[in-house]
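Participant: I would like to see how this sequence folds:
(2 chains)
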Amino acid sequence: ETGVTQTPRHLVMGMTNKKSLKCEQHLGHNAMYWYKQSAKKPLELMFVYSLEERVENNSVPSRFSPECPNSSHLFLHLHTLQPEDSALYLCASSPYPRVAGGRGTDTQYFGPGTRLTVL
Amino acid sequence: AQKVTQAQTEISVVEKEDVTLDCVYETRDTTYYLFWYKQPPSGELVFLIRRNSFDEQNEISGRYSWNFQKSTSSFNFTITASQVVDSAVYFCALRSGATNKLIFGTGTLLAVQP
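Facilitator: Numbers count the residues shown, from 1 in each chain, chains lettered A, B, ... in the order given. As a prediction, this is how the structure comes out:
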């Protein structure tokens, strides 16, 4: 399997449920990202992991909890979500720019996303 | 502050027409990178092109071409002889040379009618 994969592709959950989104990259990258894409809004960066360490957290509510056990896998654990959290959640991976000297091939490659609906 | 503006929310063309998608960016950095991504209805963001701020050469790839002009802070994308399969939302994005954070525009929905 190549590229960036995400499971599940679609998820419907109640506000009291706990679920997890999974992302896996087969590109040999060392940075992974979670983005949220809501209707009529620009893509919002949620979390960045480089070499399995969280390097950025853009003031995301604690009901979203990321986990990066290794450079190929990234999870987003969800609990007690709100209806406004319904969105497309996209995962991406890239070589970490600093490793490439800031001018390397830092392009982010995206997965197909998980369409989340919170009832 | 960094910002990307895609003023065209939706564009509709008929197949075989040429179409240009506009992108204007703002940054104070001297080193930065610009990107275009395509998002078809399936949802996946497909990488199309990456340019760095030191390279203003225009690029052509098949029916796609990009016009990078630092003087006007623009990075426009032209599709020649559009096809129905080009129908998608197209995003322009900016990354500062100092960070790995991508700033996206709001996207342009391109509908190519047969």
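Participant: B:E44 versus A:Y49, what's the distance?
Facilitator: For A:Y49, the distance to B:E44 (C-beta to C-beta, to the nearest Å) stands at 20 Å. C-beta: built from backbone N, CA, C; applies to glycine.
Participant: Which one of those two is surrounded by more residues?
Facilitator: Higher neighbour count among A:Y49 and B:E44: A:Y49, with 22 against 18, using other C-beta atoms under 10 Å in any protein chain shown.
Participant: nearest spatial neighbour of that one, skipping sequence neighbours?
Facilitator: With sequence-adjacent residues excluded and distances taken as C-beta to C-beta, 6 or more residues apart in numbering or on different chains, A:Y49 is closest to A:C68, at 4.1 Å.
Participant: who in chain A is up against chain B?
Facilitator: Within chain A, the positions lying close to chain B (C-beta under 8 Å from any C-beta of the partner chain) are A:31, A:40-43, A:45, A:48, A:50, A:55-56, A:88, A:90, A:92, A:94, A:96-98, A:102-103, A:105-113, A:115.
Participant: Now, of those residues, which are buried?
Facilitator: A:31, A:42-43, A:45, A:48, A:50, A:88, A:90, A:92, A:94, A:96-97, A:106-113, A:115 (16 or more other C-beta atoms under 10 Å in any protein chain shown).
Participant: contacting residues for A:T5?
Facilitator: Contacts here follow C-beta atoms under 8 Å, 6 or more residues apart in numbering or on different chains; on that basis A:T5 touches A:C23, A:E24, A:Q25, A:H26, A:G111, A:P112.
Participant: again with B:W36
Facilitator: With contacts taken as C-beta under 8 Å, 6+ apart, B:W36 has the following neighbours: B:C23, B:L48, B:I49, B:W66, B:F75, B:F77, B:Y90, B:F91, B:C92, B:A93.
Participant: one more time with 10 Å
Facilitator: With contacts taken as C-beta atoms under 10 Å, 6 or more residues apart in numbering or on different chains, B:W36 has the following neighbours: B:21, B:23, B:46-51, B:64, B:66, B:75-77, B:90-93, B:105.
Participant: Can you tell me which of those residues end up in strands?
Facilitator: Counting by DSSP state E, those place B:21, B:46-51, B:64, B:66, B:75-77, B:90-93 in strands.
Participant: Flag the shaky bits of chain A, pLDDT-wise.
Facilitator: Within chain A, the stretches with pLDDT under 70 are A:1-2, A:97-105.
Participant: Quick check, pLDDT for the closest residue to A:F110 other than its chain neighbours.
Facilitator: When the adjacent residues along the chain are set aside, A:F110 lies closest to B:L45, with 3.8 Å between them (C-beta to C-beta, 6+ apart). Among the per-residue scores, B:L45 holds a pLDDT of 93.
Participant: Same check on B:N67?
Facilitator: Model confidence at B:N67, expressed as pLDDT, equals 95.
Participant: So it versus B:G107, what's the distance?
Facilitator: 19 Å.
Participant: Show the end-to-end separation of stretch A:53-69, please.
Facilitator: Stretch A:53-69 stretches 9 Å from its first residue to its last (C-alpha to C-alpha, to the nearest Å).
Participant: Thanks a lot, catch you later.
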